[in-house]
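1. Have a look; sequence and predicted model below, questions after that.
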There are 2 protein chains.
Amino acid sequence: MTQLRLDITTSLDGYVAGPHPTLEKPLGEGGELLHEWLFRLASFRAAHGMEGGEVNEDTPVFEESLGAGATIMGRRMFSGGAGPWESDPNANGWWGDEPPFHTPVFVLTHYAREPLVLGETTFTFVTEGIESALEQARAAAGDRDVAVGGGADVARQYLDAGLLDQLTVHLVPALLGGGTRLFAGAAPAELTPVRVVASPRVTHLTYRKGA
Amino acid sequence: MTQLRLDITTSLDGYVAGPHPTLEKPLGEGGELLHEWLFRLASFRAAHGMEGGEVNEDTPVFEESLGAGATIMGRRMFSGGAGPWESDPNANGWWGDEPPFHTPVFVLTHYAREPLVLGETTFTFVTEGIESALEQARAAAGDRDVAVGGGADVARQYLDAGLLDQLTVHLVPALLGGGTRLFAGAAPAELTPVRVVASPRVTHLTYRKGA
């Protein structure tokens, strides 16, 4: 069976987004510090339709995360939080006309909706819960892994259900002082460290399920 | 000037102690997972009057932390939380007759009290705040570094005041799901990673002040 993986960037004080997120600033106050290491990377920029960037110690770690054959995300991650979705359940979210996935995306939601095709990415809306989304994503991914795209609450649900096989925390050397916490209210669990990659900007910590 | 250093062990979900700490279980539920890596170490056991233990990848990191010439701690760390101190301001806390410090300890408190000598350790009670405690600890430490012993709130106060020069987070691959958070409510700040030491049990992340 292929693996269910989560890549998530967090501050040293454990926040995956700063306080007061908005549609324009979905990572909240100070949250841009979290993804600075990504915006430097040529391969991240290319995946998001931007030019320039560099190749550094973080590049291979990021490029691994591109290998998933399907992605599962929460509804707020699809729509950009306090976005137009709130008033219009058929809004297209904040990913634009060319979302960076290029593989099937399964969106966990309470609102049934027809699949949405944007560029090379098809968003399928799943109302039957996390196990159904995982089953559909595995079928779509074939022999490739499935990624949990986020947000933090969806990640915690897969972790608590024991469904997450591998977790990579990209730990940024900053304190945000508030915001959305990684794994808030998670069930007690032990993991096993499998790899550390350090760069001057971020420390990549990979764990597998179980002690 | 010598450095002010903090060594602190935290779970992957950012807790320095589990929920519901008591005098008998000062690290709360599940909190013993945090310090398992320490209790394995021969040098930690020797410093705390215990026999046995092993030498492994974590040994040199722990032994570095022994090098401080003075330690600053909060009153709850001295007395063991919900301990006899609550009703008896002259109680001796939970460190026993031979505390492991063997160097001067400065306890931040609101209650003035004469210094307390236990074994080779003198506890001096400081009511004038964190800067006074640091000044006294620096004078006592001579050319050695000063350690912030904890707890989490005292550590946060030194961090927020910009007084902490070096921080080592010992990141344990476990989720506690609740408890005392590392750096809760800290002011936003950027740090610089200076070293990572990984073992199968814990990842030691060292940062210095400033971006």
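-> Here it is on my side, so go on.

2. ok, and does the helix or strand where residue A:206 lies reach over to chain B?
-> Per DSSP states H and E, residue A:206 falls inside strand A:203-209. Yes: applying Cβ under 8 Å from any Cβ of the partner chain, one finds strand A:203-209 touching chain B at A:203, A:205, A:207. Using the backbone N, CA and C atoms, a C-beta is placed for each residue, glycine as well.

3. helix/strand/coil for the residue nearest to residue A:198 when sequence neighbours are not counted?
-> Leaving out its chain neighbours, the residue that sits closest to residue A:198 by Cβ to Cβ, 6 or more residues apart in numbering or on different chains is residue B:196, at 4.3 Å. Taking DSSP: H, G, I helix; E, B strand; the rest coil as the rule, one finds residue B:196 in the strand state.

4. The one 4 residues further on now?
-> Look at residue B:200: counting by three-state DSSP, its state is coil.

5. Surely it and residue A:194 touch.
-> No: the pair residue B:200 / residue A:194 is not scored as a contact, 9.4 Å apart, by Cβ atoms under 8 Å.

6. circling back to that earlier point, partner strands of the strand holding residue A:206, with direction?
-> Here strand A:203-209 has these sheet partners by DSSP bridges: strand A:166-172 (antiparallel), strand A:189-198 (antiparallel).

7. Need the winner for burial among the ones you listed.
-> strand A:166-172 (a mean of 22; mean count of other Cβ atoms under 10 Å in any protein chain shown).

8. Show the secondary-structure elements that the next helix or strand after that one is packed against.
-> Per DSSP H and E, the first helix or strand lying C-terminal to strand A:166-172 is strand A:174-175. Secondary-structure packing of strand A:174-175 (3 or more Cβ pairs under 8 Å, 6 or more residues apart in numbering or on different chains; DSSP states H and E): strand B:189-198.

9. which residues touch the strand it packs on?
-> Contact with strand B:189-198 is made by A:12, A:33, A:173-175, A:193, A:196, A:198, A:200, A:203, B:57-58, B:60-61, B:159, B:166-167, B:203-211, as judged by Cβ atoms under 8 Å, 6 or more residues apart in numbering or on different chains.

10. Kindly recompute the last result at 7 Å.
-> The contact list for strand B:189-198 (Cβ atoms under 7 Å, 6 or more residues apart in numbering or on different chains) reads A:12, A:33, A:173-175, A:193, A:196, A:198, A:200, A:203, B:57, B:61, B:167, B:203-211.

11. Put the alpha carbons of it into PDB.
-> The C-alpha trace of strand B:189-198 is given here as PDB (Å, rounded to 0.1, in the frame of the first residue of the first chain):
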ATOM      1  CA  ALA B 189      10.800  36.900  17.000                       C
ATOM      2  CA  GLU B 190      13.300  35.400  14.600                       C
ATOM      3  CA  LEU B 191      16.100  33.100  15.600                       C
ATOM      4  CA  THR B 192      19.100  31.600  13.800                       C
ATOM      5  CA  PRO B 193      19.600  27.800  13.700                       C
ATOM      6  CA  VAL B 194      23.200  26.900  14.700                       C
ATOM      7  CA  ARG B 195      23.200  23.200  15.200                       C
ATOM      8  CA  VAL B 196      21.100  20.000  14.900                       C
ATOM      9  CA  VAL B 197      22.100  16.700  16.600                       C
ATOM     10  CA  ALA B 198      19.700  13.800  15.900                       C
END
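
12. hmm, back to that, now do the shared contacts for residue B:200 and residue A:194.
-> Contacts common to residue B:200 and residue A:194, judged by Cβ under 7 Å, 6+ apart, are absent.

13. quick one: low-confidence ranges for chain A?
-> A:80-90 (pLDDT under 70).

14. how about the residues of it near chain B?
-> A:12-14, A:30, A:33, A:173-177, A:182-183, A:185-193, A:196, A:198, A:200, A:203, A:205, A:207 (Cβ under 7 Å from any Cβ of the partner chain).

15. From the residues you listed, keep the buried residues only.
-> A:12-14, A:30, A:33, A:173-177, A:182-183, A:186, A:188-191, A:193, A:196, A:198, A:203, A:205, A:207 (16 or more other Cβ atoms under 10 Å in any protein chain shown).

16. Let me know the distance separating the residue nearest the centre of chain A from chain B.
-> With distances taken as Cα atoms, centre = their mean, residue A:149 lies nearest the centre of chain A, 2.7 Å away. Residue A:149 sits 20 Å away from chain B, taking Cβ to the nearest Cβ, to the nearest Å as the criterion.

17. so which helix or strand takes in that residue?
-> strand A:146-150.
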